[in-house]
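**Q** would you be able to build a 3D model of this:
(2 chains)
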Amino acid sequence: MIHSVVEVRKLTKRFERVTAVNEISFEIYQGEILGMLGPNGAGKTTTIQMLLGITTPTSGQIRILGLDLDRNREEILAQVNFSSSYVSLPQSLTVWENLRVFAQIYHVRNYREKIDRLLSVFEIAPLRDTVTRKLSTGQLTRVSLAKALLNDPKILFLDEPTASLDPDIADKTRLLLKTIRAQSGLTILYTSHNMREMEEMSDRIIFLNKGEIISTGTPAEIVKRFEGEDLEEVFLKIARGT
Amino acid sequence: MKLHRILALVNRHLMLYKRSPQRMMEIVYWPLLDLMVWGFITVYLARYKEGLPAFVTFFIGALILWDVLFRAQQGICISFLEEIWSRNLLNLFVSPLGTGEFLSATMLVSILKVIGASIMTIGLAYLFYSFNLFMIGLSLVPFVINLVVTGWAIGIFATAIILRYGQEAEVLAWGLAFLFQPVSAVFYPISVLPPSLQVIANGIPAAHVFEGMRAVIETKAFPLHELIWATGLNVIYLASAILFFNYMFRVVKMKGLLVRIGA
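**A** Residues are numbered from 1 along each chain as shown, chains lettered A, B, ... in the order given. Now for the predicted structure:
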């Protein structure tokens, strides 16, 4: 039986007079890739931040892997991970050194083998001893994804992970994430502004607008519900309020 | 608190220094310049030894010990700033790493910096000016520990402010310790200060440390009461600084600012 690994109930975040997220409730099921879609300011990043415990909700409840996030932060965060194009890694350390530091933080057993395997999977093994400062944006994104998989997370939060990748590497990354999901049952929460990518990656999509969930379903269901040609057209309709 | 997480962060900073020689400047360059200036002042004053208090010849020692406090403070602040500069703060705080582990790691890094800078300055002071800091004897140990703890308290307080207000408050990492210097009795006794500043100085742990050092040199007696005052004040300040940091961390999470300063 498929069970939910993330349960969000009436989650709200207010920043003074602005309501960034307004009483949203949703679940993410084990092994699912859930796409979170919405125009800028819709509340996607704030929601992910709350799920990662780095922003405190104004009200509502978050349960991850059956545990209350507020009371079990350490236990939960040891089993999840995060990657985003807007986060980097220490520039003066080599790729291997950076991954080693995070392997130590996550207490990864056999970290040498694990790091080497991830470097190979992401086709960055030749960059092992390269100082991070010298990496291209695409290479850095792959190192960041390798970091995100170091602890064999049960849930992966990816905030626009392919934003800076060229189409070839972006495609490889998507394929790789799908393969890992198929092999390990990894659950992924995914945000992107690339509609084709969202359609390709997501089993289900949550469409956020002005802090509220306005639709949820498979990409095809959402396209049908909003009478669009594709997800991009639906997105434009919602973003422009037409 | 998990030791492996603390050591991971310490490791990260050690690797940083290994890979970035320019960062060694922070440990070598400023202490060296200070040592030269104060060393020559001491040499100059030593010519007029008669009529001057014995402590004047200890200017170099005072400088080295002030540097202990300053490096301890910087060890905390710079370790935190390194995470901001490299946009790595979010990676750390979405991991199981807690604020206690983070602060413990920065404290360990600061001890390593203090040891590195002190070995260099003590060695050069001996080489250039035949000044032996260890003439104070074992009294030095508890006083130095107190200076490190004062540095930590100031460093954690400054880091909490930077955490809340972002890089605009970065200047505190370099300047805050010096705010305490005039009332820390580093180069002169508390008694030369105006009465109002004497009251403030008596509330500064470093002032008791330097008064204690002065007493050791001038009377050869161990000033236990100064050590007790310094330790007591340090316990209060360090605990307050940690509570303040944790409070600021909660505020930052409430306001959703961690993303803004960490990414």
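
**Q** contact residues of chain A facing chain B?
**A** If contact is defined as Cβ under 8 Å from any Cβ of the partner chain, the residues of chain A in contact with chain B are A:13, A:15, A:20, A:45-46, A:49, A:52-56, A:73-75, A:77-78, A:80-82, A:84, A:86-94, A:97, A:100-102, A:104-107, A:131, A:147, A:157. Any C-beta I mention is one placed from the backbone N, CA and C, and that applies to glycine too.

**Q** quick check: ChimeraX command selecting the buried ones in these.
**A** Selecting only the buried entries of the residues of chain A next to chain B in ChimeraX, with 16 or more other Cβ atoms under 10 Å in any protein chain shown as the criterion:
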select /A:13,20,45,46,49,52,53,54,55,56,73,77,78,80,81,82,84,87,88,89,90,91,92,93,94,97,100,101,102,104,105,106,131,147,157
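
**Q** which ones among the residues of chain A next to chain B map onto helices?
**A** A:45-46, A:49, A:73-75, A:77, A:97, A:100-102, A:104-105, A:147 (DSSP state H).

**Q** pLDDT and distance to residue A:161 added to those, as CSV?
**A** What follows is these, written out as CSV (pLDDT from 0 to 100; distance: Cβ to Cβ, whole Å):
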residue, pLDDT, distance to residue A:161
A:45, 91, 13
A:46, 94, 18
A:49, 95, 16
A:73, 96, 23
A:74, 96, 25
A:75, 97, 25
A:77, 98, 19
A:97, 97, 22
A:100, 97, 22
A:101, 97, 20
A:102, 98, 16
A:104, 97, 23
A:105, 97, 20
A:147, 96, 12
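
**Q** what sits against residue 204?
**A** Because you didn't say which chain, this covers chain A. A:32, A:33, A:34, A:35, A:216, A:217, A:218 (Cβ atoms under 8 Å, 6 or more residues apart in numbering or on different chains).

**Q** wait, chain B
**A** With Cβ under 8 Å, 6+ apart as the criterion, the residues that contact residue B:204 are B:150, B:180, B:183, B:184, B:233.

**Q** and the fourth one, how many neighbours?
**A** When neighbours are defined as other Cβ atoms under 10 Å in any protein chain shown, residue B:184 has 25 of them.

**Q** ok, the first one next?
**A** Summarising burial for residue B:150: neighbours were counted as other Cβ under 10 Å, giving 28.

**Q** show me the contacts for the closest residue to chain B within chain A.
**A** Per Cβ to the nearest Cβ, the residue of chain A with the smallest distance to chain B is residue A:104, at 3.4 Å. With Cβ under 8 Å, 6+ apart as the criterion, the residues that contact residue A:104 are A:111, B:4, B:5, B:7, B:8, B:11.

**Q** so the first one sits against residue A:100, correct?
**A** Pointing back at residue A:111 there. Yes: if you go by Cβ atoms under 8 Å, residue A:111 and residue A:100 touch, sitting 6.5 Å apart.

**Q** find the nearest non-adjacent residue to residue 105, please.
**A** Assuming you mean chain A. With Cβ to Cβ, 6 or more residues apart in numbering or on different chains as the criterion, residue A:105 has its nearest non-adjacent residue at 4.6 Å, and that residue is residue B:8.

**Q** wrong one, I was asking about chain B
**A** Here the nearest residue to residue B:105 in space, its sequence neighbours aside, is residue B:9; by Cβ to Cβ, 6+ apart that works out to 3.5 Å.

**Q** pull the distance from the helix or strand where that neighbour lies to the chain's centre.
**A** Element membership for residue B:9, per DSSP states H and E: helix B:3-19. Computed by Cα atoms, centre = their mean, to the nearest Å, the separation of helix B:3-19 from the middle of its chain amounts to 20 Å.

**Q** give me the distance from the helix or strand just after that helix to the chain's centre.
**A** Reading on from helix B:3-19 to the C-terminus, the next helix or strand found by DSSP H and E is helix B:25-46. Remark: helix B:25-46 is offset 17 Å from the chain centroid, using Cα atoms, centre = their mean.

**Q** now for helix B:25-46, which elements pack on it?
**A** With contacts defined as 3 or more Cβ pairs under 8 Å, 6 or more residues apart in numbering or on different chains; DSSP states H and E, the secondary structure elements packing on helix B:25-46 are helix B:59-85, helix B:99-129.

**Q** picking up where we left off before, and the helix holding residue B:9, what's buried?
**A** By neighbour count, and taking 16+ other Cβ under 10 Å as the criterion, the buried residues in helix B:3-19 are B:5-13, B:15-17, B:19.

**Q** contacts for that helix next, please.
**A** Taking Cβ under 8 Å, 6+ apart as the rule, helix B:3-19 contacts A:90, A:92-94, A:97, A:100-102, A:104-105, A:107, A:131, B:23-24, B:79, B:82, B:92, B:95-98, B:101-102, B:104-106, B:108-109, B:112.

**Q** picking that back up, mean neighbour count, the helices and strands packed on helix B:25-46: which tops it?
**A** Between those, the one whose residues have the most neighbours on average, counting mean count of other Cβ atoms under 10 Å in any protein chain shown, is helix B:59-85 (a mean of 24).

**Q** close to chain A, is the helix or strand following it?
**A** Following the chain from helix B:59-85 toward its C-terminal end, the next helix or strand by DSSP H and E is helix B:89-93. Yes: residues of helix B:89-93 contacting chain A under Cβ under 8 Å from any Cβ: B:90, B:91, B:92, B:93.

**Q** the first one and residue B:259 touch, don't they?
**A** Think residue B:90. Yes: in this structure, residue B:90 sits in contact with residue B:259. The criterion is Cβ under 8 Å, and the distance is 6.6 Å.

**Q** CA atoms only: put the longest helix anywhere in chain A into PDB for me.
**A** In chain A, with assignment by DSSP H, the single longest helix is helix A:167-184. Listed in PDB are the C-alpha atoms of helix A:167-184, where the atom choice follows Å, rounded to 0.1, in the frame of the first residue of the first chain:
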ATOM      1  CA  PRO A 167      19.500  20.800 -22.300                       C
ATOM      2  CA  ASP A 168      21.800  17.800 -22.600                       C
ATOM      3  CA  ILE A 169      22.900  17.700 -19.000                       C
ATOM      4  CA  ALA A 170      19.400  18.700 -17.800                       C
ATOM      5  CA  ASP A 171      18.000  15.800 -19.700                       C
ATOM      6  CA  LYS A 172      20.600  13.400 -18.300                       C
ATOM      7  CA  THR A 173      19.900  14.800 -14.800                       C
ATOM      8  CA  ARG A 174      16.100  14.200 -15.100                       C
ATOM      9  CA  LEU A 175      16.700  10.700 -16.400                       C
ATOM     10  CA  LEU A 176      19.100  10.000 -13.600                       C
ATOM     11  CA  LEU A 177      16.600  11.200 -11.000                       C
ATOM     12  CA  LYS A 178      13.900   9.000 -12.500                       C
ATOM     13  CA  THR A 179      16.300   6.000 -12.500                       C
ATOM     14  CA  ILE A 180      17.200   6.600  -8.800                       C
ATOM     15  CA  ARG A 181      13.500   6.900  -8.000                       C
ATOM     16  CA  ALA A 182      12.800   3.600  -9.800                       C
ATOM     17  CA  GLN A 183      15.600   1.800  -8.000                       C
ATOM     18  CA  SER A 184      15.300   3.200  -4.500                       C
END
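
**Q** tell me the buried residues in it?
**A** Of all the residues in helix A:167-184, those buried under the rule 16+ other Cβ under 10 Å are A:169, A:170, A:172, A:173, A:174, A:176, A:177, A:180, A:181.

**Q** what residues does it touch?
**A** Helix A:167-184 is contacted from outside by A:31, A:33, A:121-123, A:138, A:141-142, A:145, A:149, A:152, A:156, A:158, A:161-162, A:165, A:186-188, A:194, A:197, A:200-201, using Cβ under 8 Å, 6+ apart.

**Q** the residues you listed, buried ones only, as a PyMOL selection?
**A** Selecting only the buried members of the contacts of helix A:167-184 in PyMOL, with burial defined as 16+ other Cβ under 10 Å, works like this:
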select buried, chain A and resi 31+33+121+122+138+141+142+145+149+156+158+161+162+165+186+187+188+194+197+200+201
